[in-house]
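Trainee: no FASTA, just this:
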Ligand SMILES: Nc1ncnc2c1ncn2[C@@H]1O[C@H](COP(=O)(O)OP(=O)(O)OP(=O)(O)O)[C@@H](O)[C@H]1O
């Protein structure tokens, strides 16, 4: 019998020795790069020495189950490590597709891990100096490094952010990992922008390799508590203005966390970004000022580095900003859209249903469509300045608005639109964010500033009865707060 939240015997971990186990020795300073399709589960364990995946050390002699990943196992010590692995079919995936079940793998001795470790050591000594300074000057404390990682698409930015966060955690620091790429759901669902203090190792076995949050209930890893801003789209260009606004509000939250929490303050911030180039300079400038960035790491893009050096000449000459270029790993894989989509689906599935170790029983309930107020992000292309922003509720009329409110309304047009009597059928299969704003809130701007309590999924809509079946990660009534409808679809 399996008790939700406590694992069970539905998906027992197979003993490697039973199946097609392969053992090999990975030389020190080399990495074993492997790609595991979603149809296969790779059971991997390090039996001797030290092996780590993007900075997260694998426990000795404990198999780790991986599926749908493109990873590298690095042996940081000169003596290397002994690795044992086997594969089996992933029975959770629908049968019948022609996708291959074979893993692809090779060993490379040519890795930039040394440079990444040097970068980590430089950040570490910055943290140490900050801690020493703050100890002597408690009334005027400083913050540890605020690192912004930039580069082209598939440059290995996310892998580097994970490496730097994991190494910082290993040195007993708790940096805030900020994800500004709405395509990836980091401790949250795709479509969100998050900031999470790192208080444990990443859970490599979870859908996107980060781990669960407090909504996952009891977990092996310390569940994280991210601050979540709902962007609602997968690419910043879908509504750049909203993106910049959400990023800046996330910056405010992160900076205040740094002010309040000495441990996090000394550890600093690590910011992962979507692919940005010099054309996106105003987005980059905003991030630098919102998060008070003082270290910019450019992965393998000389042109961007030079342009940024010109742009931030003033800050660099005042020693307010350091800029470094770092090579791209030859192991980075260009992800295709179907792989990305499947990763997103697995992340959403895991949010509601848990993972193989911690299966959850999501709560399904039926609610009246009319019981909630809905807003939706405006797709830049669809923005029509002549349409005004009129949220549902009788007190939002232009007559009783003061000038400030009118300004708010105008500025809101390009961010959100109210869905008055929403066409219920259009909500089906969508992910909806529950904001922290009560339904009777009358300040449009609050909608931009609010964070996300959690997400629900509309699995079915009964238009005739005006009801919808929703899936929630929590066993509780859906809070009567303002709902933000995203463009993220998911079919159970
Ligand atoms: N050294 C490596 N060996 C094998 N795979 C790697 C390595 N580094 C990164 N990858 C994989 O390559 C893919 C792309 O890397 P990553 O997501 O870090 O790049 P990115 O620059 O953040 O991409 P994007 O611009 O799309 O956000 C990921 O699946 C990642 O796990």
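Mentor: All right, it came through fine. None of the values given here were measured: they were computed from a predicted structure.
Trainee: where does the protein come near the ligand, residue by residue?
Mentor: Residues of the chain lying close to the ligand by C-beta under 6 Å from any ligand atom are 33, 70-72, 151, 153-159, 181, 274-275, 329, 331-333, 335. To be clear about C-beta, it is placed using only N, CA and C from the backbone, and glycine gets the same treatment.
Trainee: burial count for the residue nearest to residue 156 when sequence neighbours are not counted?
Mentor: Excluding the flanking residues, the one nearest residue 156 by C-beta to C-beta, 6 or more residues apart in numbering is residue 332, at 4.2 Å. Neighbourhood size, residue 332 [other C-beta atoms under 10 Å]: 20.
Trainee: Then residue 332 would be within a helix, right?
Mentor: No. Going by DSSP: H, G, I helix; E, B strand; the rest coil, the assignment for residue 332 is coil, not a helix.
Trainee: how close does it sit to residue 206?
Mentor: Residue 332 sits 21 Å away from residue 206, taking C-beta to C-beta, to the nearest Å as the criterion.
Trainee: Need the phi and psi values for the closest residue to the ligand within the chain.
Mentor: Using C-beta to the nearest ligand atom, the closest approach of the chain to the ligand is made by residue 331 at 2.4 Å. As for residue 331, its main-chain torsions (degrees, to the nearest 10) stand at phi -80, psi -10.
Trainee: which residues of the stretch 201-350 of the chain fall in strands?
Mentor: For the stretch 201-350 of the chain, the strands defined by DSSP state E, counting those that start in this stretch occupy 227-230, 269-272, 295-299, 322-326.
Trainee: Include distance to residue 374 and mean neighbour count when you put those strands into TSV, please.
Mentor: Listed next are the strands of the stretch 201-350 of the chain as TSV, based on distance: least, C-beta to C-beta, whole Å; neighbours: other C-beta atoms under 10 Å:
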stretch	distance to residue 374	mean neighbour count
strand 227-230	13	26
strand 269-272	30	26
strand 295-299	39	24
strand 322-326	43	17
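Trainee: Which one of those lies nearest to residue 458?
Mentor: Closest to residue 458 of the strands of the stretch 201-350 of the chain is strand 227-230 (C-beta to C-beta; 15.4 Å).
Trainee: Show me how far that closest one is from its chain's centre.
Mentor: Centroid separation for strand 227-230 versus its chain: 10 Å, with C-alpha atoms, centre = their mean, to the nearest Å.
Trainee: Show me what that strand is packed against.
Mentor: Identification of packing neighbours for strand 227-230 by 3 or more C-beta pairs under 8 Å, 6 or more residues apart in numbering; DSSP states H and E yields strand 192-197, helix 240-260, strand 430-438, strand 452-462.
Trainee: Neighbouring strands of the shortest one in the sheet, and parallel or not?
Mentor: Applying DSSP bridges to the sheet, strand 192-197 is found paired with strand 176-179 (antiparallel), strand 227-230 (antiparallel).
Trainee: Then the last one?
Mentor: Strand 452-462 has the following strand partners under DSSP bridges: strand 430-438 (antiparallel), strand 467-472 (antiparallel).
Trainee: For it, buried residues please.
Mentor: 452, 454, 455, 456, 457, 458, 459, 461 (16 or more other C-beta atoms under 10 Å).
Trainee: picking up where we left off before, make TSV from the strands paired with strand 452-462 and add mean neighbour count and mean pLDDT to it.
Mentor: Shown next, in TSV, are the strands paired with strand 452-462 (neighbours: other C-beta atoms under 10 Å; pLDDT from 0 to 100):
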stretch	mean neighbour count	mean pLDDT
strand 430-438	21	91
strand 467-472	20	89
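Trainee: Surely residue 277 is in contact with residue 298?
Mentor: No. Using C-beta atoms under 8 Å as the test, residue 277 is too far from residue 298 to be in contact (10.4 Å).
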